[in-house]
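# The following block contains a protein sequence and its predicted model.
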Amino acid sequence: MQGNRTQGASKLLSIIWPFVAVVVFQVLLGSASLYAMSAMRAYVAGESLWSKAQKDAIYYLSLYVETRDPHHLQRYRQATVVPRGDRAMRAALDLSPPDLKAAREGILQGGNHPDDVTRIIWFYQYFSGISYMQRAVDYWDTGDRYLSQLDTLAQDMRSAFADGPPSAEQEAYWRNRIVALNEGVTPAAKAFSDALGEGSRMLLRGLLITNLVTALFLITMAWRRSSKLLTQRQMIAAALELERERAQITLASIGDAVITTDVEGGITYMNPAAEQLTHWQAEQAQGLPLAALFSLLDESAAHDSRGLVEQVLSGSLRAGGEHARLVQRLDGSSVSVNLVGSPIIADAQVSGIVLVLHDMTQERQYIANLSWQATHDALTGLANRREFEYRLEQILNAQVRHNGRHSLMFLDLDQFKLVNDTSGHAAGDELLRHICAVLQAGLRDGDTLARLGGDEFGILLENCPAEHAERIAEQLRQAVQSLQFVWKGRAFQTTISIGLVHLTALPGTLEASLRAADMACYMAKEKGRNRVHVYHADDTELSLRFGEMAWIQRLHVALEENRFILHAQEIAPLKADDGPGHIEILLRLRDESGRLILPDSFIPAAERYGLITALDRWVVLNVFKVIQQCMAATPREPLAMCAINLSGSSIGDEQFLDYLQQLFADYHVPPRMICFEITETTAITNLGSAIRFINELKGLGCRFSLDDFCAGMSSFAYLKHLPVDFLKIDGSFVKDMLDDPINRAMVEVINHIGHVMGKRTIAEFVETPLIEQALQDIGVDYAQGYVIERPQVFTCDTLQRQRKIASPAIQRAPGTLR
């Protein structure tokens, strides 16, 4: 507080000091002028005393001559005391240094008032050298000399009278002498008086001019200072106005409602956002209490009985916290806001409060949308697998306590891939939406329909007897079968396979329920599709489904016994100047009887049951071992680049990425020798993970190839985000491109877009020389297929031989087809 006062006084002094200086200077100048004029007045009074004294002296001396009365001589001597005192004063002040004490006594002897002593001394010291005053002093000295002669004459007269009566001649002489001295001293006295008067007038004029000049200077100075202060004030006012306008524009522009009040809670300001939020105009709300506009309800705690102003002043609504409130307007409508309030403090006093209300409608809608998206399928709007499993788990938990009757269904569209492959994914998406509408129409209120992925659906029938559940399942099958789906003039027959599980017949676990429904649906498809299969725990037909599950055990044993084999197939350049090609690593399994099994037989089971990453690790490890052996055997022999297929599970596994980096370090395999192949569907489904995975390994020097392009999601928009080096054109387009112009056009488009994006293209399923020639004409960079080479066992010879092949495949003799 004291610091604020000191700072305020300092600022005030910095503004008014010129005016204080003007006043002080004017006071000092006026005081000096008055003092000088007073001193001059004392001198004039002294001159009057001096003149009167010299006249009295001559008068009494003349009487003394006539009467010879000593009394007249005494009066003469009394009259000459004044001039003698004045002469003593001048003599004392003319000394160096001046004798001020003697000068003071002489002035008092001269009959001057004691109060004038100091001014007379000061004036004589500082002004006696000025021309007019010097002349007056000279006349003063002249008069004093005549008076000295008169004093000598008085002494002679006294001596003569003491000796006896003087002669008539003597008296006449004295009279004549007195007259002569009077005639001498009178002009001197008059000149002294005139010079002193002129000097006083000059002093007056000088002081007047000085005061006028000083006044003009001070007025000019004050005017300039005032002009400067006014200019500064105008600048400050303009700056304040600009800041005010900026603040007004800012407050009007921001999306949050801003309301200010006085200490009593009366509204003083509302920005446009506040007007929109409260449905009040600022002019109408001016001065009204906050309660007149709206009431606030706490959404997360008990209602605070304190007024809004008291809550703000107590710090309950300060910034940095979440203060969710429900604003209830006078018209009954309400809106959710986040409220922040702060007191307005000026000069250490609270002058009001400011409230900021952020409308949470959009945020809450956004959160609701995110929550909905997290639990629902974007295409159909149905619950997704996560939400479906959550609801199923809730039912299973409740069933343990209440022994309810519930059923679970898995539904799989039959031949859905045919729609996608022949009419595109847009047709497939539209079909899914139609199927959803049909299924939803056949369910009861409260039943759950979910899309589990692709063309798979799940249904939960709560509190539904088994017979009723089976009737619902059959009705759904018939409804889907009755659906006539037409896309661009082409009609499609839709059927669905349904697996039904009565949950009371199973152990109450989520995994067991899902597995049973999956098996039942699988059995419906295995038995001819377009049917409902009810799960029974003792159903022998389900053993076939367990055959796939048996693959998991077989794969574990195969990994332990190292019964997997690596093959390699050449990927040859179609242009002579493209240099040698590279090879793709293919996986085979030798079963217990020694037969080679292709990956199509066991990869789905490995992917379904989480063993695919282990297979990917085995492949990469054994490829690195072969490369290391080749580099050790022939260190200077160039080796071909190896393309290794990876699954989506491995791409999304951080530990697998660490595993690869460790292998590169342990086996010293040059990363430029490795090209990882990922399928288009895998890359797009796990886009974020795929991009991170690719960038991490490309940073080491590896290359990447996008496999089966346009066989899956076929999105060129995603392609530009994937930093792959090679684009493999799906074989379904290549093998029929000579007979189907659409397939050929697809190959041309994919090749062109790949080149525009700076990627090399590879065509799969190249099985005839004519297809090979057509691909070369289109400009495809590489070809892979039986006409190029059949898969061979992967060895060092394979690596070295493929590297040495430099001629384009078009020059080969036709190979043996499959």
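Good, I have the coordinates.

# got a pLDDT number for the nearest residue to residue 496 once chain neighbours are set aside?
Nearest residue to residue 496, sequence neighbours excluded (Cβ to Cβ, 6 or more residues apart in numbering): residue 480, at 4.4 Å. C-beta: built from backbone N, CA, C; applies to glycine. If you check residue 480, the pLDDT there is 93.

# contacts for the helix or strand hosting residue 395?
Per DSSP states H and E, residue 395 falls inside helix 385-402. For helix 385-402, contacts defined as Cβ atoms under 8 Å, 6 or more residues apart in numbering pick out 374-376, 383, 404, 406, 408, 448, 450-453, 458, 460, 462, 503-504, 508-510, 513-514.

# pretty sure the residue nearest to residue 496 contacts residue 495?
Yes. Using Cβ atoms under 8 Å, residue 480 is in contact with residue 495, at 6.5 Å.

# More neighbours: the two, which one.
residue 480 (23 against 16; other Cβ atoms under 10 Å).

# Now do the same contact list for that one.
413, 435, 438-439, 494-496.

# mind running it again at 6 Å?
Residues near residue 480 by Cβ atoms under 6 Å, 6 or more residues apart in numbering: 438, 494, 496.

# Now do residue 234: how many residues are near it, please.
For residue 234, using other Cβ under 10 Å, the count is 10.

# Give me the distance from the host helix or strand of it to the chain's centre.
Assigned by DSSP H and E, residue 234 belongs to helix 168-253. Distance of helix 168-253 from the chain centroid (Cα atoms, centre = their mean, to the nearest Å) equals 64 Å.

# ok, residue 761 touching residue 779?
No. With contact taken as Cβ atoms under 6 Å, residue 761 and residue 779 are classed as non-touching, separated by 8.1 Å.

# who touches both of these two?
Joint contacts of residue 761 and residue 779 (Cβ under 6 Å, 6+ apart) are residue 751.

# So which of the two has more stuff around it?
More crowded of residue 761 and residue 779, by other Cβ under 10 Å: residue 761, with 24 against 13.

# show me the contacts for that one.
With Cβ under 6 Å, 6+ apart, residue 761 has these contacts: 727, 751, 754, 780-781.

# could the residues you listed go into JSON lines alongside secondary structure?
As requested, the contacts of residue 761 are exported to JSON lines (DSSP: H, G, I helix; E, B strand; the rest coil):
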{"residue": "727", "secondary structure": "strand"}
{"residue": "751", "secondary structure": "helix"}
{"residue": "754", "secondary structure": "helix"}
{"residue": "780", "secondary structure": "coil"}
{"residue": "781", "secondary structure": "coil"}
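
# ok, of those residues, which one's closest to residue 27?
Nearest to residue 27 among the contacts of residue 761 is residue 754, at 97.1 Å by Cβ to Cβ.

# What count of nearby residues applies to that closest one?
24.

# Could you do the one 5 residues further on as well?
Neighbouring residues of residue 759 were enumerated by other Cβ under 10 Å; the total is 22.

# Residue 728 too?
29.

# for the helix or strand that it is a member of, which positions count as buried?
Counting by DSSP H and E, the element that carries residue 728 is strand 726-729. Under the neighbour-count criterion of 16 or more other Cβ atoms under 10 Å, strand 726-729 has 726-729 buried.

# helices or strands up against that strand?
Using 3 or more Cβ pairs under 6 Å, 6 or more residues apart in numbering; DSSP states H and E as the contact test, the elements touching strand 726-729 are strand 703-709, helix 741-756, strand 760-763.
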